[in-house]
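Q: Predicted coordinates and the sequence they were generated for:
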Amino acid sequence: MKKLILLIFCIVLIGSCGKKEDSASKRSSSDSTEKKADNPPPTTKTPEEGTTKVKSTDGIEKHKFDKNNLPSAIKFKGKIVEGASWTDKNGDNILIITQTDVRNINADEREQYLYAYHYINYDDGYSQLWNITDFVKSYCDVDAKYYPNTLEIEDVDGDGIAESLFCYELDGRCDVSPLDVKLIMHKGDTKLVIRGTIGFDPYDGHKTRGEKNFDDAFKKVSSSLKDYASEKWDEFVSSYKSGE
């Protein structure tokens with residue numbers, strides 16, 4: 001009889017211990033779940049969220065231009081009036097704009113030339129990417145003149161390769177007729193040109209609205225390039241002052 005009572009006691013004791021372990025296990029699981037709920041994992045944002053997009057200039061490094069210290073491979077005509085030096089995905093770049101003096105062709109007619117050259121330093125040295133030649137020949141005014149401070153080097157479309165842009169006039173007028181003006185932009189070796197005029201009042205010579213015509217080449221490139229060139233044209237023409 002004593003053995004039977006002892007056996008029953010042992011069974012009850014073992015069962016009681018098992019229930020306590022199950023209860024402790026359940027509490028531990030519950031505590032772990034609550035901690036995860038209190039500390040959810042941080043959420044991530046894509047780079048576009050919460051930021052303002054700006055024009056990319058990645059890979060474009062502008063350098064100080066020194067017209068008196070150009071590589072021997074840089075060949076040009078005329079006198080340097082402006083230049084730029086920079087590095088982009090294409091390598092090291094040098095762009096120079098030059099003008100000649102006004103030259104007499106004969107007793108009455110004169111001429112003046114404007115040039116621009118873009119060189120890139122490839123593995124075997126500097127090579128010419130493009131060049132332009134423009135001029136005025138006239139019996140009257142003669143002025144093929146770069147507009148100072150209009151040379152721009154910017155990565156407009158954000159592809160890591162800089163576009164260049166500048167503006168100049170071709171004045172061969174004998175009166176106050178509209179003045180011919182050009183804006184030259186390059187995307188690589190692709191030339192993009194705005195050809196237009198600055199108008200003048202025939203009575204007092206004051207500046208009036210002129211023309212602005214885009215070359216068809218703008219249709220083959222990003223619209224951002226046309227927009228940028230158009231804005232620069234308006235800026236340059238609006239700041240034009242006769243005789244400068």
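A: Cool, the structure landed.
Q: what's the spacing between the spatially most central residue of the chain and Asp101?
A: Nearest to the mean C-alpha position of the chain, by CA atoms, centre = their mean, lies Asp155 at 1.9 Å. Applying CB to CB, to the nearest Å, the value for Asp155 to Asp101 is 35 Å. For the C-beta atoms, the positions are set from N, CA and C on the backbone; glycine is no exception.
Q: How about Val181?
A: 21 Å.
Q: Check Asp227 too.
A: Asp227 sits at a distance of 37 Å from Asp101 (criterion: CB to CB).
Q: Settle it for me: which of those two has more neighbours?
A: Taking other CB atoms under 10 Å, Asp227 and Asp101 do not tie; Asp227 has more neighbours (12 against 8).
Q: Name the secondary structure element that contains the more buried one.
A: Here Asp227, judged by DSSP states H and E, is contained in helix 223-238.
Q: Can you list the low-confidence ranges for this protein?
A: 1-58, 241-244 (pLDDT under 70).
Q: Let me see the ranges of the helices in it.
A: Assigned by DSSP state H, the helices in the chain fall at 2-38, 223-238.
Q: in the shortest one, what counts as buried?
A: Applying a neighbour-count criterion of 16 or more other CB atoms under 10 Å, one finds 225-226, 228-229, 232-233, 236-237 buried in helix 223-238.
Q: can you check stretch 62-80 too?
A: With burial defined by 16+ other CB under 10 Å, the residues of stretch 62-80 counted as buried are 65, 70, 76, 78, 80.
Q: First-to-last residue distance for it?
A: 19 Å (CA to CA, to the nearest Å).
Q: Residues contacting that stretch, please?
A: Outside stretch 62-80, the residues that touch it by CB atoms under 8 Å, 6 or more residues apart in numbering are 83-87, 94, 96-101, 113-115, 117, 119, 121, 125-128, 153.
Q: for stretch 183-196, same thing?
A: Outside stretch 183-196, the residues that touch it by CB under 8 Å, 6+ apart are 90, 116, 118, 129-130, 132, 157, 161, 163-168, 180-182, 210-215, 217-218, 220-221, 225-226, 228-230, 232-233, 236-237.
Q: Which ones among those residues lie within strands?
A: Judged by DSSP state E, the subset of the contacts of stretch 183-196 located in strands is 116, 118, 129-130, 132, 163-168, 180-182, 212-214.
Q: Can you say which of those residues are buried?
A: 116, 118, 129-130, 163-168, 180-182, 212, 214.
Q: Closest one to Ser138 out of the residues you listed, please.
A: Taking CB to CB as the measure, Ser138 lies nearest Asp180 of these, at 11.3 Å.
Q: Okay, and the beta partners of that closest one?
A: Following DSSP bridges, Asp180 is listed with bridge partners Leu170, Thr197.
Q: Tell me how many other residues crowd Ile198.
A: 20.
Q: how near is the residue nearest to the centre of the chain to Asn90?
A: Computed with CB to CB, the distance linking Asp155 and Asn90 is 11 Å.
Q: All good on my end, thank you.
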